[in-house]
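Chemist: what's the 3D shape of this:
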Amino acid sequence: MKKKLVNFQKYSSFKIGQEAEVALLEDDFSQIENYYLIGSCNNTLVGTNPPSLLMLSKKYDYIKIEDNLLKIGGATPSGKIASFCKKHNIAHFEFVSHLPGKLGGLVYMNAGLKEYEIFNHLLEVKTTQGLQKKEKIEFGYRFTNIDKPILEVIFALEYGFDTQKVEMFKKMRDNQPSTPSAGSCFKNPDGDYAGRLIEAVGLKGIMQGAMCFSEEHANFLVNNGDGKFEDAIYLIKEAQKRVYEKFKIWLECEIVVLDKEYMSDTSPLIKKIRNGALNLHKHL
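Modeler: Okay, here's the model as predicted:
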């Protein structure tokens with residue numbers, strides 16, 4: 001596969017990271033199991049020791065209307081989708097301009113704003129293993145069970161772009177900070193809000209290096225300057241620890257952390273905490 005160098009301090013929305021080699025996925029799917037797929041890194045924190053990385057090539061950046069269906073490549077940026085739908089009077093994508101990233105990532109995490117989710121009008125997903133109908137995919141709040149690179153997504157085509165929805169979605173995003181971040185740090189637990197919990201344990205606005213949970217929205221971990229990966233991880237773990245100690249709620253990351261040490265440490269830890277088998281003070 002072809003490869004290119006990516007400086008994640010410039011490329012990612014967090015503005016944290018270093019230069020790393022990234023493989024480009026085009027037609028050869030034989031080695032993808034050896035890589036971790038990334039998109040535009042709008043919800044990604046890249047560490048000092050990332051796994052082998054892979055991204056879709058420009059071949060998968062397209063939008064077309066065929067057979068009265070809307071077909072969009074997995075590498076297509078959300079802004080391009082929003083502009084296309086506005087220009088061609090296509091309905092149900094008004095919220096997409098407020099979800100930074102590429103389509104593959106938006107579909108993988110079923111991104112959305114409240115009840116407006118990317119899966120609402122989705123019909124099929126084409127991955128490196130072929131077409132999957134929506135009915136065969138498990139999905140929910142910020143979740144799918146898709147485990148292969150998303151090459152193309154097929155949507156129902158309906159007309160009637162709604163400018164009133166555009167304004168509504170803009171207002172929904174007005175309270176979000178413009179400081180570099182990766183969007184919401186944690187998923188909202190059932191019946192509660194991660195931002196409220198973070199504020200309740202005293203972490204809103206508290207600095208660790210150049211990193212903090214924003215004064216504007218406590219669930220946004222923001223980079224106020226020369227933010228470091230280690231400081232971001234410290235705050236993530238501190239929030240999880242304090243919230244669990246006070247409320248017995250485990251905050252699950254919405255952002256993706258790509259660092260070999262963090263990934264190997266955290267995956268088994270989450271399982272054990274959910275089973276009540278660990279003392280947090282000893283392991284965080």
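Chemist: Could you report the distance from the closest residue in space to Glu94 that isn't next to it in sequence to Glu230?
Modeler: Residue nearest to Glu94 in three dimensions, not counting chain neighbours: Lys165, with 4.1 Å by CB to CB, 6 or more residues apart in numbering. Yep, even glycine has a C-beta here, placed from its N, CA and C like the rest. Computed as CB to CB, to the nearest Å, the Lys165 to Glu230 distance reads 41 Å.
Chemist: Gly104 too?
Modeler: Taking CB to CB, one finds Gly104 at 29 Å from Glu230.
Chemist: Who has more neighbours out of these two?
Modeler: Gly104 (28 against 14; other CB atoms under 10 Å).
Chemist: Spatially nearest residue to the more buried one (excluding sequence neighbours)?
Modeler: Using CB to CB, 6+ apart, the nearest residue to Gly104 is Gly74, at 3.4 Å.
Chemist: Would you confirm that Ile236 contacts Ala182?
Modeler: No: judged on CB atoms under 8 Å, Ile236 makes no contact with Ala182 at a distance of 10.7 Å.
Chemist: residue contacts, the most centrally placed residue in the chain?
Modeler: Against the mean C-alpha coordinate of the chain, by CA atoms, centre = their mean, the closest residue is Asn43 at 3.8 Å. Contact analysis of Asn43 by CB atoms under 8 Å, 6 or more residues apart in numbering lists Ser13, Gly101, Gly105, Met109, Ala182, Gly183, Glu254, Ile255, Val256.
Chemist: What are the contacting residues of the longest helix seen in the chain?
Modeler: With secondary structure taken from DSSP state H, the chain has its longest helix at helix 229-247. Here helix 229-247 makes contact (CB under 8 Å, 6+ apart) with 14, 16-17, 45-48, 185-186, 197-198, 200-203, 206, 208-213, 221, 223, 249-251, 253, 257, 259, 262, 273, 280-281, 284.
Chemist: Name the residues of the helix or strand hosting Ile154 that are buried.
Modeler: Using DSSP states H and E, the element containing Ile154 is strand 150-156. By 16 or more other CB atoms under 10 Å, the buried positions in strand 150-156 come out as Ile150, Leu151, Glu152, Val153, Ile154, Phe155.
Chemist: Am I right that the first one is in contact with Leu106?
Modeler: Translated: Ile150. No: applying CB under 8 Å, one finds Ile150 not in contact with Leu106, separated by 9.3 Å.
Chemist: quick one, helices of the chain?
Modeler: Under DSSP H, the chain gives helices at 8-11, 78-87, 103-108, 163-172, 194-200, 229-247, 260-274, 280-283.
Chemist: what does the fourth one rub up against?
Modeler: Put plainly, it is helix 163-172. Glu94, Phe95, Ser97, His98, Leu113, Lys114, Tyr116.
Chemist: tilt between it and helix 78-87?
Modeler: If you take axes from the mean of the first three to the mean of the last three CA atoms, to 10 degrees, helix 163-172 sits at 150 degrees to helix 78-87.
Chemist: CA atoms of helix 163-172 as PDB?
Modeler: Extracted as PDB, the C-alpha positions of helix 163-172 are listed here (Å, rounded to 0.1, in the frame of the first residue of the first chain):
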ATOM      1  CA  THR A 163     -33.100  25.900   6.100                       C
ATOM      2  CA  GLN A 164     -35.000  26.200   9.400                       C
ATOM      3  CA  LYS A 165     -33.300  23.000  10.500                       C
ATOM      4  CA  VAL A 166     -29.900  24.500   9.700                       C
ATOM      5  CA  GLU A 167     -30.600  27.300  12.100                       C
ATOM      6  CA  MET A 168     -31.900  24.900  14.700                       C
ATOM      7  CA  PHE A 169     -28.700  22.800  14.500                       C
ATOM      8  CA  LYS A 170     -26.500  26.000  14.600                       C
ATOM      9  CA  LYS A 171     -28.200  27.000  17.900                       C
ATOM     10  CA  MET A 172     -27.700  23.600  19.300                       C
END
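Chemist: Give me the distance from it to the chain's centre.
Modeler: Offset of helix 163-172 from its chain centre (CA atoms, centre = their mean, to the nearest Å): 21 Å.
Chemist: Name the residue most distant from the centre of the protein?
Modeler: Outermost in the chain, CA atoms, centre = their mean: Asp67 at 30.7 Å.
Chemist: ok, that residue - contacts?
Modeler: Asp67 touches nothing, counting by CB under 8 Å, 6+ apart.
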